[in-house]
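Novice: Here's a sequence, model it:
(chains A and B)
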Amino acid sequence: MSAISFFRQFVEVVLAIAIAPLLAGWIAQCRAWLQNRSAPPLLLPYRMLRKLFFKDVALATDASVLFRATPYVLFGTMVLAAAIIPSLVTDLPLARVADSIALVGLFATARVFLSLAAMDIGTAFGTLGARREMMVGFLAEPALLMVLFNAFLLYGSTSLPSLVDGYRTHPSVIDPSVIFAALAFVMVALAENARIPIDNPSTHLELTMIHEAMLLEYSARHLALVEWATSLKLFNYACIGFALFMPWGIATHGSDGAGALLIAIAALIGKLVIAGAALALIESLSAKLRIFRAPEYLAMAFLLAVLGLLVHLLVGA
Amino acid sequence: MHTSQLIAEVLRVLAAGLLLISFAMLSGRRTQQLITLFAWQGGLLFVSTCLVAYSSGLTEMYYSAALTLLLKVIALPWILNRLIKRLGAQWDSEQLVNVPTTMLVGLVLVIFAFGLAQPISSMATTITRHTLGIALAVILLAFLMMITRRKAVTQVIGFLAMENGLFLAATSATYGMPMVIELGIALDLLVGVFILGIFFFQIREQFDSLDLHNLESLKED
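Specialist: Presented below is the predicted three-dimensional model:
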């Protein structure tokens, strides 16, 4: 609990907030390349945010406090989540606040607020988007928990930093259950972040959209905060994935000093570049599912995670 | 000692991959996709047999691995692909009844298979004894796939996947069957696929589709 660990915690959060839009821009760029379009500039999300922050807010006449408060709640929960997830270091003072089950709860809080805000205005599209979001969410959440349980079983802890530490102390584990868990995690992450098999992040085609439908009424700084929170959510999911399945380069408890931190930053950026390109590839290769196929998709993610648990219990060790 | 431990771990991962492919086949809709998955399953089986051969030092196992590669990765997928191309069934997709329920049944089958294999694998001394449960699960899942499918081609793929499971079971319990038996099985499979291919054409000529539903009634209405 020294000052240095608070400093590193601070660095981690600031870095997360700073490069989350960059990740979104990188994914958009990769997608454009893969689809033979000319790519938008990498820094486009930042320019977008700047433009939105300078605009005046247009509020619907029926908007309540909830609607105005939601962008701040969303952004706040995502920043807190970024503080808990060990993306750079495992010696996080704030990580003791919540284990990863509470982390899933944090994501759920954000989702509930966004859905309520979308219903608050009373437009048809907002309500439609909110309902779909809740459907996807309540199916994705148990699957995510099961994926986390896989890792808990492997390393015997429910907090993400000690999982990464545990990986460091027994590095030679290639457990078969990891394959299942990783696949299930990718499926859940795609669904939770409104990515292509479930939702199209770049669509404004009214009848198929989920996430965008909930944001239709937001404008200016509210919209900027929501967009920023969305890219932070994607960043957070990527970091959970790294912590669970490829925790290389993260500075662990013993390693102090600036060198380890720099290595961790370099490793994180490298992993994000690869993960972003992989995400763009998945999105370009797959087609969007009909909304009524989404339960099937998420049930499969859940079953894969359960299968991972079974394989670990019955074959492993 | 250390390498053999590593090989055992890799073998377990490969076996888990086989199980994963079995589940993918259970939920796959397109015939073409199923054939690709079958070829992948054969590929994993080839790699794991090679590893077992390397760690046990049995030259016979290399032959059976080569046989797997030739037959299950190259020959059978090629024949099946040609067949469905001739039948015009490449893009056939099947209406599956309730994939999540099928997957749940599959999960129960996996638990059952592991329970069944427990006493046998605790007595076996091979490096792959832990994967016997997975092998049984692959067999049962292929059974389930044959039960839930209606098209003739996909049932044949289920049958072939079942043979993959049997092969894995044989390698994991006893380092494989005698060479003569394995050759016999391989030949049977090849001939079986040829005969079933002829059947496909007959079925289609009779009923204008490959749906086995038509075979269930004894006389024409």
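
Novice: can you list the residues of chain B near chain A?
Specialist: Neighbours of chain A within chain B, by C-beta under 8 Å from any C-beta of the partner chain: B:9-10, B:12-13, B:15-17, B:19-20, B:23, B:27, B:99-100, B:103-104, B:106-107, B:110-111, B:114, B:130-131, B:133-134. Where you see a C-beta, it was placed from the backbone N, CA and C, and this is true even at glycine.

Novice: Are any of the residues you listed buried, and if so which?
Specialist: B:9-10, B:12-13, B:15-17, B:19-20, B:23, B:27, B:99-100, B:103, B:106-107, B:110, B:114, B:130-131, B:133-134 (16 or more other C-beta atoms under 10 Å in any protein chain shown).

Novice: In helices, which of these appear?
Specialist: Assigned to helices by DSSP state H, the following of those qualify: B:9-10, B:12-13, B:15-17, B:19-20, B:23, B:27, B:99-100, B:103, B:106-107, B:110, B:114, B:133-134.

Novice: Next, the contact list for residue B:163, please.
Specialist: Going by C-beta atoms under 8 Å, 6 or more residues apart in numbering or on different chains, residue B:163 touches B:185, B:189.

Novice: Residue of chain A closest to chain B, please.
Specialist: When scored by C-beta to the nearest C-beta, chain A has residue A:176 as its residue closest to chain B, at 3.3 Å.

Novice: Show the pLDDT at the closest residue to that residue other than its chain neighbours.
Specialist: Residue nearest to residue A:176 in three dimensions, not counting chain neighbours: residue B:16, with 3.3 Å by C-beta to C-beta, 6 or more residues apart in numbering or on different chains. For residue B:16, the pLDDT comes out at 85.

Novice: I figured residue B:16 was touching residue A:182, is that so?
Specialist: No. The pair formed by residue B:16 and residue A:182 falls short of the contact definition of C-beta atoms under 8 Å, at 11.3 Å.

Novice: got the buried residues for stretch A:124-144?
Specialist: Across stretch A:124-144, burial judged by 16+ other C-beta under 10 Å covers A:125-133, A:136-137, A:139-144.

Novice: mind checking how far the most centrally placed residue in chain B is from chain A?
Specialist: Closest residue to the average C-alpha location of chain B: residue B:161 at 1.5 Å, with C-alpha atoms, centre = their mean. Residue B:161 sits 17 Å away from chain A, going by C-beta to the nearest C-beta, to the nearest Å.

Novice: For that residue, which non-adjacent residue is spatially closest?
Specialist: residue B:142 (4.0 Å).

Novice: just residue A:73 next, same as before
Specialist: residue A:113 (4.9 Å).

Novice: for chain B, what spans make up the helices?
Specialist: B:2-27, B:31-56, B:59-68, B:76-87, B:99-123, B:132-148, B:152-174, B:179-207.

Novice: Including distance to residue A:247, could these go into TSV?
Specialist: Below are these laid out as TSV (distance: least, C-beta to C-beta, whole Å):
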stretch	distance to residue A:247
helix B:2-27	18
helix B:31-56	26
helix B:59-68	35
helix B:76-87	38
helix B:99-123	29
helix B:132-148	27
helix B:152-174	31
helix B:179-207	43
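
Novice: Of all those helices, which one comes closest to residue A:230?
Specialist: Nearest to residue A:230 among these is helix B:99-123 (28.8 Å), distances taken as C-beta to C-beta.

Novice: Other residues contacting the closest one?
Specialist: Against helix B:99-123 from outside (C-beta under 8 Å, 6+ apart): A:295-296, A:299-300, A:303, A:306-307, A:310, A:314-315, B:19, B:22-23, B:26-27, B:96, B:129-130, B:132-137, B:139-141, B:144, B:148, B:172-173.

Novice: got it, and stretch B:141-148?
Specialist: For stretch B:141-148, contacts defined as C-beta under 8 Å, 6+ apart pick out B:19, B:22-23, B:25-26, B:96-97, B:102, B:105-106, B:109-110, B:154-155, B:157-159, B:161-162, B:164-165.

Novice: Give me the buried positions along that stretch.
Specialist: In stretch B:141-148, counting by 16+ other C-beta under 10 Å, buried: B:141-146, B:148.

Novice: Same question for stretch A:85-105.
Specialist: A:85-92, A:94-95, A:98-100, A:103-104.

Novice: Now that stretch: average pLDDT?
Specialist: 81.

Novice: what residues does it touch?
Specialist: With C-beta under 8 Å, 6+ apart, stretch A:85-105 has contacts from A:1, A:5-6, A:8-9, A:11-12, A:15-16, A:80-81, A:83-84, A:106, A:141, A:144-145, A:148, A:158-162, A:164-165, A:236, A:239-240, A:242-243, A:247, A:250-253, A:260-261, A:264-265, A:268.

Novice: Now intersect those residues with the helices, please.
Specialist: A:5-6, A:8-9, A:11-12, A:15-16, A:80-81, A:83-84, A:106, A:141, A:144-145, A:148, A:160-162, A:164-165, A:236, A:239-240, A:242-243, A:260-261, A:264-265, A:268.

Novice: Tell me where the model's unsure across chain B.
Specialist: Along chain B, segments meeting pLDDT under 70 span B:1, B:90-96, B:124-129, B:218-221.

Novice: Identify the residues contacting residue A:264.
Specialist: A:88-89, A:249-251.

Novice: Ramachandran angles for the residue of chain A most remote from its centre?
Specialist: Distance from the C-alpha centroid of chain A peaks at residue A:61, with 32.5 Å (C-alpha atoms, centre = their mean). Taking degrees, to the nearest 10, you get phi -60, psi -30 for the backbone angles of residue A:61.
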